[in-house]
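Asker: here you go, sequence then predicted model.
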Amino acid sequence: MAKAIHSMIRVLDEARSVDFYRRAFGLEIATRLAFDGFTLVYLKSAESDFELELTVNGGRAEPYALGDGYGHIAFVVDDLEAEHARCVAEGLAPNAIKEFMREGSLLAKFFFISDPDGYKIEVLQKHGRYR
């Protein structure tokens with residue numbers, strides 16, 4: 001059986017991205033591997049083995065074109081309102097909290113936030129299938 005272990009995104013500024021993911025989601029550097037021309041930074045939280053891999057290509061000065069294929073990554077939290085308020089207080093500019101209904105029942109309660117490179121991140125309240 002396969003097990004998801006990480007997702008990779010390319011970022012322009014390592015320090016800015018590491019700071020964002022630490023402040024927004026409590027992710028810390030698990031491993032940092034510098035190579036000729038690029039660096040891989042693996043971020044993770046104490047609650048999960050899943051890692052976010054930041055790839056920093058040396059000499060890159062222009063933002064990456066995210067295209068129309070990337071959707072988002074998602075994090076689940078125990079208290080969505082508290083996390084939203086904390087992100088606002090951190091100056092991270094989250095979008096408003098939304099509720100998504102299906103057949104008259106709450107399917108999901110969430111907000112989106114963007115990282116410094118424009119990647120969209122969904123933050124969901126633990127509920128139903130989102131655990």
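Answerer: That came through, no problem. Note that the coordinates shown come from a computational prediction; the quantities given were computed from them, not determined experimentally. Numbering: from 1, shown residues only.
Asker: now the strands for this protein?
Answerer: 6-10, 28-35, 38-44, 51-57, 73-77, 98-102, 105-114, 120-125 (DSSP state E).
Asker: for the ones you listed, give me CSV that also has distance to Arg16 and mean pLDDT.
Answerer: Where C-beta positions appear, they are placed from N, C-alpha and C, glycine not excepted. As requested, those are exported to CSV (distance: least, Cβ to Cβ, whole Å; pLDDT from 0 to 100):
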stretch, distance to Arg16, mean pLDDT
strand 6-10, 13, 96
strand 28-35, 14, 97
strand 38-44, 12, 97
strand 51-57, 10, 97
strand 73-77, 18, 95
strand 98-102, 27, 94
strand 105-114, 13, 96
strand 120-125, 15, 96
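Asker: figure out which of those is closest to Ser17.
Answerer: strand 51-57 (5.5 Å; Cβ to Cβ).
Asker: also compute the angle for that closest one relative to strand 73-77, please.
Answerer: Counting by axes from the mean of the first three to the mean of the last three Cα atoms, to 10 degrees, strand 51-57 points 140 degrees away from the direction of strand 73-77.
Asker: avg pLDDT for the top helix by length along the chain?
Answerer: Secondary structure of the chain read by DSSP state H shows that its longest helix is helix 14-25. On average, the pLDDT along helix 14-25 is 98.
Asker: how close does Leu92 get to Glu81?
Answerer: 15 Å (Cβ to Cβ, to the nearest Å).
Asker: who's more crowded, those two?
Answerer: Neighbours were counted for Leu92 and for Glu81 using other Cβ atoms under 10 Å; Leu92 has more, 16 against 12.
Asker: what are the phi and psi values at the more buried one?
Answerer: phi -90, psi 0 (degrees, to the nearest 10).
Asker: any idea how this structure splits into domains?
Answerer: 1-59, 71-131 (automatic domain parsing).
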